[in-house]
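K.L.:
sequence-free structure coming up:
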């Protein structure tokens, strides 16, 4: 079974689950709250960026396919 990484990385559920998991691990190891906050912010930012990039790529591909079919 092949994993569709583009679809996974563009999933908000994936990023929410990943952030929750990392937060739980950091908390379990008694990492300082300020560090946990920074890591969560970083993950949220990376997640948002990945979702945006992949959504724009899909929109561009759909637009290109539409233009080609109109020719």
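P.N.:
That came through fine. It should be emphasised that the depicted structure is a prediction, and the values quoted were computed from it without experimental measurement.
K.L.:
what residues are up against residue 47?
P.N.:
For residue 47, the residues meeting the contact criterion (C-beta atoms under 8 Å, 6 or more residues apart in numbering) are 12, 14-15, 18-19. For the C-beta atoms, the positions are set from N, CA and C on the backbone; glycine is no exception.
K.L.:
what's the lowest-pLDDT member of the residues you listed?
P.N.:
Among the contacts of residue 47, residue 12 has the lowest pLDDT, at 87.
K.L.:
flag every buried residue along the helix ranked longest in the chain.
P.N.:
For the chain, the helix that runs over the most residues, judged by DSSP state H, is helix 33-70. Buried residues in helix 33-70, counting neighbours by 16 or more other C-beta atoms under 10 Å, are found at 36, 39, 43, 47, 50-51, 54.
K.L.:
got it, and stretch 12-23?
P.N.:
Going by 16+ other C-beta under 10 Å, stretch 12-23 has these buried residues: 15, 19, 23.
K.L.:
pretty sure the first one sits against residue 51.
P.N.:
Translated: residue 15. Yes. Assessed by C-beta atoms under 8 Å, residue 15 is found in contact with residue 51 at 7.3 Å.
K.L.:
just the buried residues of stretch 12-23: which are in helices?
P.N.:
Per DSSP H, those map to helices at 15, 19, 23.
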